[in-house]
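>>> need a structure here:
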Amino acid sequence: ALEFASAEMQQDKEIVLAAVSEHGLALQFASAEMKQDKAIVLAAVSKCGVALEFASAELKQDKEFVLAVVSKRGFALEFASAEMQQDKEIVLAAVSEHGLAL
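Below you'll find the predicted structure:
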């Protein structure tokens with residue numbers, strides 16, 4: 001439903017959080033500002049690891065954030081920044097959560 005909401009609603013934190021908490025991939029329809037919000041993106045990724053694809057570039061290269069994400073959804077490693085994909089601690093956390101995350 002977020003896809004069809006107005007731009008104003010796509011940047012409303014309460015609405016976006018409700019949407020991504022039900023369907024993580026709804027993050028793709030959120031405003032750029034919401035795609036930078038750690039709580040929003042973490043809620044989306046907790047529902048669907050692939051949602052990291054739609055997070056801001058800044059979050060995809062934030063080591064602490066990416067570590068939290070791949071610890072819950074190892075497959076999200078695919079959408080982390082190239083730098084994070086080469087970080088041993090990040091990769092170890094991802095494969096520990098899901099052995100096929102490589």
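>>> now stretch 64-84: how far from the chain's centre is it?
Put simply, stretch 64-84 sits 8 Å off its chain's centre (CA atoms, centre = their mean, to the nearest Å).
>>> for stretch 47-61, same thing?
3 Å.
>>> hmm, who's touching it?
20-25, 27-28, 30, 32, 35-36, 38, 41, 44-45, 65-66, 69, 72-76, 78-81, 83-84 (CB atoms under 8 Å, 6 or more residues apart in numbering). Where you see a C-beta, it was placed from the backbone N, CA and C, and this is true even at glycine.
>>> buried stuff in stretch 51-64?
Neighbour-count burial for stretch 51-64, counted by 16 or more other CB atoms under 10 Å, picks out 51, 52, 53, 54, 55, 56, 59, 60, 62.
>>> number of nearby residues for residue 76?
25 (other CB atoms under 10 Å).
>>> I meant residue 83, not that one.
Neighbours of residue 83 using other CB under 10 Å come to 12.
>>> For it, report the pLDDT, please.
Turning to residue 83, the model gives it a pLDDT of 97.
>>> do the same with the one 10 residues further on
Per-residue confidence for residue 93 comes out at a pLDDT of 96.
>>> what's the neighbour count on it?
With other CB under 10 Å as criterion, residue 93 counts 20.
>>> picking that back up, in ChimeraX, how would I select just the buried ones from the contacts of stretch 47-61?
Per 16+ other CB under 10 Å, the buried members of those correspond to this ChimeraX selection:
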select :20,24,25,27,28,30,35,41,44,45,65,66,69,73,74,75,76,79,80,81,84
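>>> Which ones among the contacts of stretch 47-61 lie within helices?
20-22, 38, 41, 44-45, 65-66, 69, 72, 83-84 (DSSP state H).
>>> mind giving me JSON lines with those and columns for distance to residue 98?
Formatted as JSON lines, the ones in helices among the contacts of stretch 47-61 follow (distance: CB to CB, whole Å):
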{"residue": "20", "distance to residue 98": "21"}
{"residue": "21", "distance to residue 98": "22"}
{"residue": "22", "distance to residue 98": "23"}
{"residue": "38", "distance to residue 98": "22"}
{"residue": "41", "distance to residue 98": "19"}
{"residue": "44", "distance to residue 98": "18"}
{"residue": "45", "distance to residue 98": "13"}
{"residue": "65", "distance to residue 98": "18"}
{"residue": "66", "distance to residue 98": "15"}
{"residue": "69", "distance to residue 98": "12"}
{"residue": "72", "distance to residue 98": "10"}
{"residue": "83", "distance to residue 98": "21"}
{"residue": "84", "distance to residue 98": "16"}
